[in-house]
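**Q** structural data only, the sequence is not supplied:
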């Protein structure tokens, strides 16, 4: 909700743009229900000159709206049923923004990746597999994959091949509440992020 003065069609454009990089880039279990809805309401009580699409005020409004939507989207992912981890996938150097968005979303949506995160298993094969079936255009033999958290970071793959890493250290890194993977496609200049959660025993119990 906002008290800004902004026409409904302009408000819809802003929400659509903000949702594309936030609510549409999260996954808990892959299922969508009628409850999965984003609404925005404006009453105009601020008394400002109406915000017009493409104006400087629109860009300011959109920037704040994007921040709010991203904050809420991450909360939804972290609050997944039985979830222990918020998992972020960042895809970099993609050929297009669409490729980056698709690959990142596929990674956080993969049940095999989700269970690997739950098991603190640095299984990079599941990550590159999800990116591969996403429809993104890239050469798997060029991909680098890194895993990280507040504890530290380490590479699990370089140029499409697994590399040695300390399994004990990896388990400590993946034990943190917030876990991230960076997938470098080495195919272009675009990047995107997506967020999900692990799939735990408690998810099965709850459902």
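**A** Done, it's in. From a predicted model like this one, the values you see are computed outputs, not experimental measurements.

**Q** what ranges do the strands span in this protein?
**A** Secondary structure of the chain, counting by DSSP state E: strands at 26-27, 86-94, 144-149, 152-158, 161-162, 178-184, 190-197.

**Q** any chance of these in CSV, plus mean pLDDT, distance to residue 33 and mean neighbour count?
**A** Any C-beta I mention is one placed from the backbone N, CA and C, and that applies to glycine too. Shown next, in CSV, are the strands of the chain (pLDDT from 0 to 100; distance: least, Cβ to Cβ, whole Å; neighbours: other Cβ atoms under 10 Å):
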stretch, mean pLDDT, distance to residue 33, mean neighbour count
strand 26-27, 96, 13, 24
strand 86-94, 98, 21, 24
strand 144-149, 98, 31, 20
strand 152-158, 98, 34, 16
strand 161-162, 96, 38, 13
strand 178-184, 98, 26, 21
strand 190-197, 98, 17, 23
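
**Q** how about these in JSON lines, adding distance to residue 132?
**A** Shown next, in JSON lines, are the strands of the chain (distance: least, Cβ to Cβ, whole Å):
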{"stretch": "strand 26-27", "distance to residue 132": "17"}
{"stretch": "strand 86-94", "distance to residue 132": "12"}
{"stretch": "strand 144-149", "distance to residue 132": "12"}
{"stretch": "strand 152-158", "distance to residue 132": "13"}
{"stretch": "strand 161-162", "distance to residue 132": "15"}
{"stretch": "strand 178-184", "distance to residue 132": "11"}
{"stretch": "strand 190-197", "distance to residue 132": "16"}
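
**Q** and of those, who's closest to residue 52?
**A** When the strands of the chain are compared by Cβ to Cβ, strand 190-197 sits nearest residue 52, at 28.2 Å.

**Q** isn't residue 181 right up against residue 91?
**A** No - using Cβ atoms under 8 Å, residue 181 is not in contact with residue 91; the gap is 9.1 Å.

**Q** still on that earlier bit, out of the strands of the chain, which gets nearest to residue 172?
**A** Closest to residue 172 of those is strand 152-158 (Cβ to Cβ; 7.8 Å).

**Q** so how far is residue 157 from residue 125?
**A** Residue 125 sits 8 Å away from residue 157, going by Cβ to Cβ, to the nearest Å.

**Q** who wins for proximity to residue 62 among the strands of the chain?
**A** The closest of these to residue 62 is strand 190-197. By Cβ to Cβ, the value is 17.5 Å.

**Q** what is the neighbour count of residue 63?
**A** Residues near residue 63, counting by other Cβ atoms under 10 Å, number 11.
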